[in-house]
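J.: Quick one: sequence plus predicted model below, questions after.
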Amino acid sequence: AQSVTQPDIHITVSEGASLELRCNYSYGATPYLFWYVQSPGQGLQLLLKYFSGDTLVQGIKGFEAEFKRSQSSFNLRKPSVHWSDAAEYFCAVGPYGGSQGNLIFGKGTKLSVKP
Amino acid sequence: DTEVTQTPKHLVMGMTNKKSLKCEQHMGHRAMYWYKQKAKKPPELMFVYSYEKLSINESVPSRFSPECPNSSLLNLHLHALQPEDSALYLCASSQARTVSTDTQYFGPGTRLTVL
């Protein structure tokens, strides 16, 4: 069955510290991977996506993610966290190649930032 | 521009009311989606329109009625809702579900409260 796992429900980091949010997926075909961020009461904003090619992808707001096929992972990283990064982060996997599947979301990781 | 707009931002309605949520995009996207999101949960897919035709209905109760009057607009008509329907309703759009790199872009959501 297709699934996305975000093992950490809640992470707290200090401002200026580095960040890594974990995402593991189970998908029968070639996955198409996303990270979205959601501030309280807001919609989802696309941070970055992996389609193919270079396994290290750069996104907005200084975020990057690395696709590791051998580990079925797509972890999100940021070298120095800012207070404004506090939000909920969702990893999602979608079908590749135009098939009619839907986005599958992980349960999300809430990021808190200490001053 | 990757903007999806939604109105209203907030809506409070009684269980006997009829109301509508609106979603608009001007990116030329031909797929549009309604999601429901409860607090501290990922979005749940409700409906998908592809080329203005309803292609997916995820067993949503009939008190929710979607409508896609044209390729830029998506409505969600609400009637006889229950308090448990209170949630954030998110609209999303994507280029087309037959495109291999299809990416969903989300609106800011409508916060619905049913009294």
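T.: That came through, no problem.
J.: name the helices or strands packed onto the one helix or strand residue A:57 maps to?
T.: Assigned by DSSP states H and E, residue A:57 belongs to strand A:56-58. Contacts defined by 3 or more Cβ pairs under 8 Å, 6 or more residues apart in numbering or on different chains; DSSP states H and E place strand A:56-58 against strand A:45-50, strand A:64-68. Where you see a C-beta, it was placed from the backbone N, CA and C, and this is true even at glycine.
J.: Now distance to residue B:39, mean pLDDT and mean neighbour count too, for those, in CSV please.
T.: Listed next are these as CSV, based on distance: least, Cβ to Cβ, whole Å; pLDDT from 0 to 100; neighbours: other Cβ atoms under 10 Å in any protein chain shown:
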stretch, distance to residue B:39, mean pLDDT, mean neighbour count
strand A:45-50, 19, 95, 19
strand A:64-68, 26, 96, 18
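J.: out of those, nearest to residue A:90?
T.: Closest to residue A:90 of the helices and strands packed on strand A:56-58 is strand A:45-50 (Cβ to Cβ; 9.5 Å).
J.: Run through who's touching the closest one.
T.: A:31-38, A:57-61, A:63-65, A:67, A:74, A:76, A:89, B:2, B:103-106 (Cβ atoms under 8 Å, 6 or more residues apart in numbering or on different chains).
J.: Next, see if stretch A:24-35 gets close to chain B.
T.: Yes: using Cβ under 8 Å from any Cβ of the partner chain, stretch A:24-35 comes into contact with chain B via A:32, A:34.
J.: Can you give me the end-to-end span of that stretch?
T.: 12 Å (Cα to Cα, to the nearest Å).
J.: If you count neighbours, what's buried in that stretch?
T.: Residues of stretch A:24-35 classed as buried: A:24-25, A:27, A:31-35 (neighbour count, 16 or more other Cβ atoms under 10 Å in any protein chain shown).
J.: Next one, pLDDT for residue 98 please.
T.: In the absence of a named chain, chain A is used. On pLDDT, residue A:98 comes in at 50.
J.: right idea, wrong chain: chain B
T.: pLDDT recorded at residue B:98 is 75.
J.: how about CSV for the helices and strands packed on strand A:56-58, with distance to residue B:97 added?
T.: Below are these laid out as CSV (distance: least, Cβ to Cβ, whole Å):
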stretch, distance to residue B:97
strand A:45-50, 16
strand A:64-68, 23
